[in-house]
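**Student:** sequence and predicted structure, then a few things I'm wondering about:
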Amino acid sequence: MTDPSRPEDHNPYAPPPAGEPVVPPAAAPQEGPPPAYQPPAAQPPQYPAAQTPSYPAAQPPQHPGAAYPGAPGAGPQSSPPAAKNSAKASSIISLVAGAVSIFLLPYIAGIVGIGTGVTAIRMNAAAKNSGSGFNGAYTGMAIGGIVLGALGIVLKLVLDIALR
């Protein structure tokens, strides 16, 4: 049990013993009325000073042909311009179009699948011969697109003949 005569044993949340008067805790003394709210003084917005851009001086190319990639004498540092159609994109298009040709638009999708598959194989062979960017998976996807495109066309022809 707690001893009410010792303040460290007093539980502030326990009700006071019977017969003792309830005394509210004393409030902190105040030195007058609270100060009224004073908004901060309005200041004009501060904008950074306008700066004129400074451009670095033009420097001549470090090695011959660097300004024209792919030109004779360009050297090994320059990279050839990126092709719009890569073997990767063509093989993916071929595979998707070949798969679509089995279910939907067999002639159109089959021709697209076969055409882009052949294009992807040629691009991949050229990349292999030049020694850059060869990936056998792209050739596999292109062959799969050719097979699926041909299968879609053949199935459509067989169904047309069988349903006559």
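**Tutor:** Nice, thanks for sending it over. Numbering: from 1, shown residues only.
**Student:** surely Gly145 and Thr119 touch.
**Tutor:** No: in this structure, Gly145 is not within contact of Thr119 by Cβ atoms under 8 Å, at 10.3 Å. Where C-beta positions appear, they are placed from N, C-alpha and C, glycine not excepted.
**Student:** so which of these two has more stuff around it?
**Tutor:** Gly145 (31 against 18; other Cβ atoms under 10 Å).
**Student:** how much space separates the more buried one from Ala42?
**Tutor:** Relative to Ala42, Gly145 is positioned 69 Å away (Cβ to Cβ, to the nearest Å).
**Student:** from Gly136, how far off is Asn129?
**Tutor:** Taken as Cβ to Cβ, the span from Asn129 to Gly136 is 14 Å.
**Student:** typo on my end, it should be Pro56
**Tutor:** Distance from Pro56 to Gly136, by Cβ to Cβ: 44 Å.
**Student:** more neighbours: which of these two?
**Tutor:** Neighbours per residue (other Cβ under 10 Å) separate Pro56 from Gly136, with Gly136 holding more: 9 against 5.
**Student:** returning to what we had before: mutual contacts of Gly145 and Thr119, please.
**Tutor:** By the contact definition Cβ atoms under 8 Å, 6 or more residues apart in numbering, Gly145 and Thr119 are jointly contacted by Ser94.
**Student:** which stretches of the protein have low pLDDT?
**Tutor:** Scanning the chain for pLDDT under 70 picks out 1-12, 15-17, 20-30, 32-35, 55, 57-85.
**Student:** so who does the residue nearest to Gly149 when sequence neighbours are not counted touch?
**Tutor:** Spatially, and ignoring its direct neighbours in sequence, Gly149 is nearest to Gly113 (2.9 Å; Cβ to Cβ, 6 or more residues apart in numbering). Counting by Cβ under 8 Å, 6+ apart, Gly113 touches 93-101, 145-146, 148-149, 152.
**Student:** biggest helix in the protein by residues?
**Tutor:** helix 136-162 (DSSP state H).
**Student:** what helices or strands is that one leaning on?
**Tutor:** Other helices and strands packing on helix 136-162, by 3 or more Cβ pairs under 8 Å, 6 or more residues apart in numbering; DSSP states H and E, are helix 87-103, helix 106-130.
**Student:** now that helix against helix 87-103, angle please.
**Tutor:** For helix 136-162 against helix 87-103, the angle by axes from the mean of the first three to the mean of the last three Cα atoms, to 10 degrees is 20 degrees.
**Student:** buried sites along helix 136-162?
**Tutor:** Neighbour-count burial for helix 136-162 flags 138-139, 141-153, 156 (criterion: 16 or more other Cβ atoms under 10 Å).
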